[in-house]
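Enquirer: Provided below are the primary sequence and the corresponding predicted coordinates.
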Amino acid sequence: MAFVDWESEFFQRDRSIHPPALTPEYKTSVLRSPRQPLLSLQNSLSEVTGPMFGENELGPLDNDLILNYAKGGDAIGERIIVHGQVRDESGRPVPNTLLEFWQANAGGRYRHKNDRYIAPIDPNFGGCGRTISNDDGEYWFRTIKPGPYPFRNYVNSWRPAHIHFSVFGTGFVQRLITQMYFEGDPLLAKDVMFQMIPDRDAASRLVAPIDLNATVPLDTLAYRFDIILRGRRSTLFENKLQGN
Amino acid sequence: MVQALRYLGETPSQTAGPYVHIGLIPHQAGFDIFNKNFSNVLVGADTPGERIRIEGRVFDGIGVPLKDVLLEIWQANAAGRYNHPADRQDKPLDKAFRGWGRTGSDFETGLYAFETVKPGSVIGRRGHRPMAPHVNLWIVARGINIGLATRMYFSDEEAANTADPVLNIIEPEIRRRTLIAKREMRGQSAVYTFDIYLQCDRETVFFDV
C-alpha cells in the first residue's frame, strides 16, 4: 500500500505546462476566460481536503465500456485496454482515487443529446466508464478506440481520437480533467486543443504509446497512459496545516 | 553541471468539452448506464444542519449564461469539519455526509442548483483565524481550458466574512462581493443565489490554489 501524506500543502501549480485560459485559436475560450489574474491562495484545510470514493459505489462493469452498455451485442470498433498509474509530481503513487472517462464511439459520435454529427450511434456503446486506482495507483479499463470527429471552430476543424479523463487525487486542488491521445495520430499536429499547450514536453505526456506487453494476444490491443497529479511538500520541517 | 531534479511534471489540463455530461453526469447526456450516480444532492434524510439550496448561473463575457457548464462543490459539514483524513479538528464528523456534489447547468436556462446543508466555520491555515463558512467550487466547460476554482460565502455571515482571512486578501473590496451568495427564503426553504461571472466588470474572483 502506497504511503499517502494527507496533510501537507501542495506544490504551487506550474501553470506554464497548462494551456492558458485565453486561447483565441480556440474561439470558445475568448468569452469564457477570466481577464483578471487568478488570486494566489496558500493552502488551508479547504484546499488539502477533497472527496473520497469507495469501490462499493461502482458496478462490476463500470470499467468495461465494451460491455457496460451492451444491448445484446458488443460495441463496434478496435478493442483496446487503457491502463496506467496515477502518481504525484514526487513520483508517489496515488492509490484509491476515482478516475472517470468518456469518449466518442468508433465512428466519432458521442451518445449525447447535443451531438448532431452524421456518424451513427452504436446501440451497444455508451461511451463512459469509471474506476478506482488500486493500492499502487494503477488503473485499467477496456473500451473501443474512439474515432476522430469534426467540431465547429474553423470550418474544417477535426479532433484527433481522444478519451476524456477526470481524476480527483487526495485534495480538491489536485482535481484534473484532461484528454488522452493516441500515439501516431496525424491529426495531433493540426489540433487546436493539443497545440495550445505551451510546453511541448508537457503536451507529449498526453499521448499514450501502444503497449504490446499489456495486450491480450489475439483479442485486445493496449495503450498506456500514466497520469501525474500535483505533488505535496515533504515534511523535512514542520509544515503541517493544523496548529499544534 | 548540476544534478537533475527528478520531479515529474503534472499532466496538462484539457477542456472538459461540450459532452462532459456523458462521463460525469450521463443522465443529463440522455441515458442511464451506472447503478449509482453522483448528483447535486449532498444531503440525506438524517444529515445534521440547516438545509439550503444553492443556485445560480455562470455568465460569459457578454452576459450569456453557459448552458453546458459543469460545477462541483466541496464543503465542510454543518459543524465545520471536512470528511477527509487531513481534517483532525475536534468536531463531529458525519460519515454519511461526503460534502461533495456535482451538477450541470440546465441546457435551456443555464441554471444550476445544489441541495446541501450550510457548512460551519473551519479552522484557518495553520490553526490561525477561523475561516467564515464557505463552499469551494470548481467549474469546467467547453472553452474553459483549465478548471476554475472559487469560493462561495454566505450573505448572512457578515461578521465572519469581515474577518475571513481569504476574503481579506482580495485587495479591491468591491471584488470580495463577487464571492458572497445572497440569502432569501422561498417558502420554508433557505436559498442562496450565487451567480458567477467569467469576465468583465463583475468578474468573479478565481483562485490559483
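Expert: Looks like it arrived, so ask away. Just so we're clear, the structure is a prediction, and the values are computed from it rather than from any experiment. Numbering: from 1, shown residues only, chains lettered A, B, ... in the order given.
Enquirer: what about A:Ser33, neighbour count?
Expert: Neighbour count for A:Ser33, taken as other Cβ atoms under 10 Å in any protein chain shown: 22. Quick note: C-beta positions are derived from backbone N, CA and C, even for glycine.
Enquirer: that one reaches B:Ile144, doesn't it?
Expert: Yes: proximity of A:Ser33 to B:Ile144 meets the contact threshold set by Cβ atoms under 8 Å, at 7.5 Å.
Enquirer: you'd agree B:Phe31 is up against A:Phe125?
Expert: No: in this structure, B:Phe31 is not within contact of A:Phe125 by Cβ under 8 Å, at 10.7 Å.
Enquirer: who has more neighbours out of those two?
Expert: Between B:Phe31 and A:Phe125, A:Phe125 has the larger neighbour count (other Cβ under 10 Å), namely 28 against 16.
Enquirer: looking at chain A, which strand is longest?
Expert: strand A:79-88 (DSSP state E).
Enquirer: other SSEs contacting that strand?
Expert: The contact analysis (3 or more Cβ pairs under 8 Å, 6 or more residues apart in numbering or on different chains; DSSP states H and E) places strand A:79-88 against strand A:138-144, strand A:221-224, strand A:227-229.
Enquirer: what about it, distance to the chain center?
Expert: Distance of strand A:79-88 from the chain centroid (Cα atoms, centre = their mean, to the nearest Å) equals 10 Å.
Enquirer: hmm, back to that, pipe the helices and strands packed on strand A:79-88 into JSON lines and attach mean neighbour count, distance to B:Glu115 and mean pLDDT per row.
Expert: Output for the helices and strands packed on strand A:79-88, formatted as JSON lines (neighbours: other Cβ atoms under 10 Å in any protein chain shown; distance: least, Cβ to Cβ, whole Å; pLDDT from 0 to 100):
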{"stretch": "strand A:138-144", "mean neighbour count": "21", "distance to B:Glu115": "31", "mean pLDDT": "98"}
{"stretch": "strand A:221-224", "mean neighbour count": "19", "distance to B:Glu115": "40", "mean pLDDT": "98"}
{"stretch": "strand A:227-229", "mean neighbour count": "25", "distance to B:Glu115": "30", "mean pLDDT": "98"}
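Enquirer: need those in a markdown table with distance to B:His128, can you?
Expert: As requested, those are arranged in a markdown table below (distance: least, Cβ to Cβ, whole Å):
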| stretch | distance to B:His128 |
| --- | --- |
| strand A:138-144 | 38 |
| strand A:221-224 | 44 |
| strand A:227-229 | 27 |
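Enquirer: quick one, which of those is nearest to chain B?
Expert: Nearest to chain B among those is strand A:227-229 (4.7 Å), distances taken as Cβ to the nearest Cβ.
Enquirer: where do the helices of the chain begin and end?
Expert: In the absence of a named chain, this looks at chain A. Using DSSP state H, the helices of chain A run over A:45-48, A:192-195, A:200-204.
Enquirer: actually it's chain B I care about, not the one you picked
Expert: Secondary structure of chain B, counting by DSSP H: helices at B:20-24, B:26-29, B:158-163, B:173-176.
Enquirer: tell me which of those helices is the most buried.
Expert: Here the criterion is mean neighbour count by mean count of other Cβ atoms under 10 Å in any protein chain shown, and of the helices of chain B the winner is helix B:20-24, at a mean of 25.
Enquirer: so which elements touch it?
Expert: Judged by 3+ Cβ pairs under 8 Å, 6+ apart, helix B:20-24 is in contact with strand A:98-103, strand A:128-132, strand A:162-167, helix B:26-29, strand B:70-75, strand B:100-104.
Enquirer: quick one: contacts of the fifth one?
Expert: Residues from elsewhere that reach strand B:70-75 (Cβ atoms under 8 Å, 6 or more residues apart in numbering or on different chains): A:46, A:49-51, A:172, A:175, B:16, B:20-21, B:24-25, B:42, B:54, B:58, B:82, B:99-105, B:112, B:114, B:116, B:119, B:134-141, B:152.
Enquirer: residues in contact with A:Thr143?
Expert: When contacts are counted by Cβ under 8 Å, 6+ apart, A:Thr143 is found next to A:Asp64, A:Leu65, A:Ile66, A:Ala75, A:Ile80, A:Val82, A:Phe101, A:Gln103, A:Gly129, A:Ile163.
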